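Chemist: The following block contains a protein sequence and its predicted model.
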Amino acid sequence: MTEVNFNTKIARQKGKHLSKEECETRNALLKQGYSYRKIAKYIGIFPKQL
């Protein structure tokens, strides 16, 4: 599994749907075996928003 730097967050507006880039990031990280919690931390949202 490739290591992802979780200190880098994607800029996004609060309360909005995931952008196309965020969806692509989520899908790529899911395929690599990352948990929803780690993906949410990387994107900068709560896990329930995924």
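Modeler: All right, it came through fine.

Chemist: what's the helix or strand for the residue nearest to residue 18 when sequence neighbours are not counted?
Modeler: Nearest non-adjacent residue to residue 18, counting by C-beta to C-beta, 6 or more residues apart in numbering: residue 26, 6.9 Å away. C-beta here means a position set from N, CA and C on the backbone, and glycine is covered the same way. In the assignment (DSSP states H and E), residue 26 maps to helix 20-31.

Chemist: In the chain, what residue spans correspond to helices?
Modeler: In the chain, the helices defined using DSSP state H lie at 20-31, 36-43.

Chemist: Double-check residue 43 against residue 27; I have them as touching.
Modeler: No - with contact defined as C-beta atoms under 8 Å, residue 43 does not count as touching residue 27 (12.0 Å).

Chemist: Contacts only, for the residue nearest to residue 18.
Modeler: Residues counted as contacts of residue 26 (C-beta atoms under 8 Å, 6 or more residues apart in numbering) are 18, 39, 43, 50.

Chemist: what pLDDT does the first one get?
Modeler: By that I understand residue 18. pLDDT recorded at residue 18 is 89.

Chemist: Next one: it from residue 49, what distance?
Modeler: 8 Å (C-beta to C-beta, to the nearest Å).

Chemist: what does the second one give?
Modeler: Note on residue 39: its distance to residue 49, by C-beta to C-beta, is 11 Å.

Chemist: Which one's more surrounded, these two?
Modeler: Higher neighbour count among residue 39 and residue 49: residue 39, with 22 against 15, using other C-beta atoms under 10 Å.
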